[in-house]
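In: I'd like to go over a predicted model; first the sequence, then the structure.
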Amino acid sequence: MKKVTITISDEIWKWWKENPWINLSQLAERELNRLKALEERVLGTCPDCGSEKLRFDGKTYSCAKCGFAYK
């Protein structure tokens, strides 16, 4: 698993210190996955097969059904 550094405001830092049960790693990963899924849904439909399900591999979007790659 990759490590990253995040910056949070003093107000959120104080709140988090009072709520140590919150796992920031899990929270960040879950939120990023949610944003990725939302972005894939909003992009539209595949021009080849009309499928609305797209996948993002970190560089390009591709159709989950036929594999058409968006440039």
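Out: Received the coordinates, thanks. Residues are numbered from 1 along each chain as shown.
In: can you pull out the strands in the protein?
Out: Using DSSP state E, the strands of the chain run over 54-56, 61-63, 69-70.
In: from memory residue 54 sits against residue 66, does it?
Out: No: Residue 54 is not in contact with residue 66 according to Cβ atoms under 8 Å; the separation is 11.0 Å. No exception for glycine: its C-beta is placed from N, CA and C like everyone else's.
In: that older thread, format the strands of the chain as CSV; extra columns: mean neighbour count and mean pLDDT.
Out: Output for the strands of the chain, formatted as CSV (neighbours: other Cβ atoms under 10 Å; pLDDT from 0 to 100):
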stretch, mean neighbour count, mean pLDDT
strand 54-56, 16, 78
strand 61-63, 18, 82
strand 69-70, 12, 76
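In: can you put these in a markdown table and add distance to residue 29?
Out: Shown next, in a markdown table, are those (distance: least, Cβ to Cβ, whole Å):
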| stretch | distance to residue 29 |
| --- | --- |
| strand 54-56 | 15 |
| strand 61-63 | 21 |
| strand 69-70 | 25 |
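In: contact partners of stretch 59-71?
Out: 40, 43, 46, 47, 48, 49, 51, 53, 54, 55 (Cβ atoms under 8 Å, 6 or more residues apart in numbering).
In: Could you do stretch 33-49 as well?
Out: Taking Cβ under 8 Å, 6+ apart as the rule, stretch 33-49 contacts 51, 52, 53, 54, 55, 56, 61, 63, 65, 66, 68, 70.
In: Any figure for the gap between the last one and residue 13?
Out: Plainly put, residue 70 is 39 Å away from residue 13 if you go by Cβ to Cβ, to the nearest Å.
In: cool, and the third one?
Out: Look at residue 53 and residue 13: by Cβ to Cβ, they are 39 Å apart.
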